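# Okay, predicted coordinates and the sequence, questions at the end:
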Amino acid sequence: MTTKLSFPDGFVWGTATAAYQIEGAWQADGKGESIWDRFTHTPGKIIDGSTGDVACDHYHRWREDIALMRDLGLRAYRFSISWPRILPTGRGMINQAGLDFYHNLVDGLLEAGITPFVTLYHWDLPQTLQDTGGWPARSTAQAFVEYADIVSSALGDRVKHWITINEPWCVSFLSHQMGEHAPGWQDWPAALAASHHVLLAHGWAVPVLRRNSPGAEVGITLNFTSAYPASPSYADREATRSVDGYINRWFLDPLYGRRYPADMVADYRAAGHLGPEGMTMVQDGDLQAIATPTDFLGVNYYTRAVVRDEAAPDNLPPTVLTAPREEWTEMDWEIFPQGFYDLLCRLHFEYQVPKLYVTENGASYSDGPNAEGQIADERRIDYLRDHLAAAQRAIQAGAPLAGYFVWSLMDNFEWARGYRQRFGIVWTDYATQQRIPKQSAVWYKEVIAENGLIVGA
Ligand code: IFM
């Protein structure tokens, strides 16, 4: 027997990408250098030594890519704008050719009946702004607002869904404390300052976007990792509090008017991550700006953390893998759809978020073409189906979920993991730049057409 899990009328079905991961053309038509250009050109930073210099060459192939999206029945497309394509030195002089690229892309999408969801910052900071302090410097937040003003003045008549920042946790902690992403720092105070300035940049940009794009929806996208204790012991539950605070609450709480979580501020002070004066980067009015009401929250969810109490070298409790091997994706991320349900319900019940879009969800598997050129990526279909079923349950429980974007439209440059990880529902042949829809793309097309999932045998 089969059952249909239906989604609400008007539910937005899409896929997502990011500029540096797909565009290539890293020096074309006046584009400036970004921190990711600099980082990938530094030996030893990327696992396979690769760069985004060419990536999927989307900058030159955007017309074909729009045609592909139309063929797949996509209703929406989330992409990001490359800041140094628009402002090669971060502030000041505008590169018209860069703006024209996005004018054409937006027009092409609208002609194809695909709604653009635009992310302003998906990690490719202009290198010149890094040279003046990067995100640990308050001036970068001001520069972001200038950039947001320029882009939304240009595109705001047609773009009606804006995401200010993608994944502030990655921008701050992954990049400035763990050092895995550009600029590759390992500096706790800098990471904490960056986290504040990224949120401030968001808060300051919201009214600018509203002014330049009347009637638009404006939000921010956070990456979440639902955290669960490895055992019911007090110590493991306490460690779980800390991981949840580090990844999730540190960003959610100030965005929803609760200020920075006091337990985490105390932990960071005790660990020496903040100076003796504490959160000195927070100035009068900042918390009000960060908590400026938004129209939606973008949710990126891939996996959970199972947390054990044991001091790791970075002072954070370690997360442990408990699931059998077949329950991980090739990123070594556990497949845990229940965590998706728990998260969406938490955002609804605990934070009363007015509207949610899942702006990323997906799985990395390297299944490639068989002799007939077909790509049977059943594991990705299973992953997507199980997560969509969890999302549908969350909607039934009251979560105001209005749309879902698969990460990613096509295989692309997976940051420090290079090209070894493939998240696409479309295969990218990097030698020829051929795109081949995988079985998951065909499956997703049916989901969109049905506005729901058929489950059961
Ligand atoms: O590829 C990334 C994306 O850029 C941000 N969110 C997670 C994805 C998979 O790691």
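Looks like it arrived, so ask away. What you see is a predicted model, and the numbers here were worked out from it, not measured in a lab.
# Which residues does stretch 285-298 contact?
Applying Cβ atoms under 8 Å, 6 or more residues apart in numbering, the external contacts of stretch 285-298 come out as 163, 166, 196, 199-200, 202-204, 206-207, 217-222, 254-257, 259, 347, 353-360, 402. (Glycine included, C-beta is placed from N, CA and C.)
# which among the residues you listed end up buried?
The neighbour-count test (16 or more other Cβ atoms under 10 Å) marks 163, 166, 196, 199-200, 202-204, 206, 217-222, 254-256, 347, 353, 356-360, 402 as buried among the contacts of stretch 285-298.
# and those near the ligand, which?
Restricting those to those touching the ligand (Cβ under 6 Å from any ligand atom) yields residue 360.
# Packing partners of the helix or strand where residue 390 lies?
Under the assignment given by DSSP states H and E, the secondary-structure element containing residue 390 is helix 378-396. Packed against helix 378-396, as judged by 3 or more Cβ pairs under 8 Å, 6 or more residues apart in numbering; DSSP states H and E, are the following elements: strand 3-6, helix 337-349, strand 401-407, helix 439-450, strand 452-455.
# how distant is it from the center of its chain?
For helix 378-396, the gap between its own C-alpha mean and the chain's C-alpha mean amounts to 19 Å (Cα atoms, centre = their mean, to the nearest Å).
# can you pull the buried residues of it?
The neighbour-count check on helix 378-396 (16+ other Cβ under 10 Å) flags 379-381, 383-395 as buried.
# do stretch 50-59 as well
Buried residues in stretch 50-59, defined by neighbour count with 16+ other Cβ under 10 Å: 50, 51, 52, 54, 55, 56, 57, 58, 59.
# ok, now stretch 433-452?
Taking 16+ other Cβ under 10 Å as the criterion, stretch 433-452 shows 433, 435-441, 443-445, 447-448, 452 as buried.
# Can I get it as PDB, trimmed to CA atoms?
Output for stretch 433-452, consisting of C-alpha atoms alone and laid out as PDB, is shown next (Å, rounded to 0.1, in the frame of the first residue of the first chain):
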ATOM      1  CA  GLN A 433      31.300  20.400 -18.100                       C
ATOM      2  CA  GLN A 434      28.500  18.100 -19.100                       C
ATOM      3  CA  ARG A 435      25.500  18.000 -16.700                       C
ATOM      4  CA  ILE A 436      23.700  14.700 -16.300                       C
ATOM      5  CA  PRO A 437      20.600  14.500 -14.200                       C
ATOM      6  CA  LYS A 438      20.900  11.700 -11.700                       C
ATOM      7  CA  GLN A 439      18.000   9.400 -10.700                       C
ATOM      8  CA  SER A 440      17.400  11.700  -7.700                       C
ATOM      9  CA  ALA A 441      16.700  14.600 -10.100                       C
ATOM     10  CA  VAL A 442      14.000  12.600 -11.900                       C
ATOM     11  CA  TRP A 443      12.600  11.500  -8.500                       C
ATOM     12  CA  TYR A 444      12.600  15.100  -7.300                       C
ATOM     13  CA  LYS A 445      10.800  16.300 -10.400                       C
ATOM     14  CA  GLU A 446       8.000  13.900  -9.500                       C
ATOM     15  CA  VAL A 447       7.800  15.100  -6.000                       C
ATOM     16  CA  ILE A 448       7.400  18.700  -7.200                       C
ATOM     17  CA  ALA A 449       4.800  17.700  -9.800                       C
ATOM     18  CA  GLU A 450       2.800  15.900  -7.000                       C
ATOM     19  CA  ASN A 451       3.500  18.500  -4.400                       C
ATOM     20  CA  GLY A 452       4.200  15.500  -2.200                       C
END
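# Now, the contacts of stretch 285-298 that are in strands?
The strands, defined by DSSP state E, take in 163, 166, 217-222, 356-360, 402 from these.
# Among those residues, which one sits closest to the ligand?
Distance from the ligand was checked for each of the ones in strands among the contacts of stretch 285-298 by Cβ to the nearest ligand atom. The minimum falls on residue 360, at 5.2 Å.
# Could you show which parts of the stretch 351-457 of the chain are in contact with the ligand?
Residues of the stretch 351-457 of the chain lying close to the ligand by Cβ under 6 Å from any ligand atom are 360, 407, 414, 423.
# wait, what's in contact with residue 17?
In this structure, residue 17 makes contact with 58, 77, 78, 79, 80, 408, 409, 410, 412, judged by Cβ under 8 Å, 6+ apart.
# Distance to residue 429, pLDDT and secondary structure added to those, as JSON lines?
Supplementary listing: the contacts of residue 17 in JSON lines, determined by distance: Cβ to Cβ, whole Å; pLDDT from 0 to 100; DSSP: H, G, I helix; E, B strand; the rest coil:
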{"residue": "58", "distance to residue 429": "14", "pLDDT": "99", "secondary structure": "helix"}
{"residue": "77", "distance to residue 429": "21", "pLDDT": "99", "secondary structure": "strand"}
{"residue": "78", "distance to residue 429": "23", "pLDDT": "99", "secondary structure": "strand"}
{"residue": "79", "distance to residue 429": "21", "pLDDT": "99", "secondary structure": "strand"}
{"residue": "80", "distance to residue 429": "23", "pLDDT": "99", "secondary structure": "strand"}
{"residue": "408", "distance to residue 429": "16", "pLDDT": "98", "secondary structure": "coil"}
{"residue": "409", "distance to residue 429": "15", "pLDDT": "99", "secondary structure": "coil"}
{"residue": "410", "distance to residue 429": "10", "pLDDT": "99", "secondary structure": "strand"}
{"residue": "412", "distance to residue 429": "13", "pLDDT": "99", "secondary structure": "coil"}
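# Please identify which helix or strand holds the closest residue to residue 203 other than its chain neighbours.
On the basis of Cβ to Cβ, 6 or more residues apart in numbering, the spatially nearest residue to residue 203 that is not a chain neighbour turns out to be residue 289, at 3.7 Å. Per DSSP H and E: residue 289 is located in helix 286-290.
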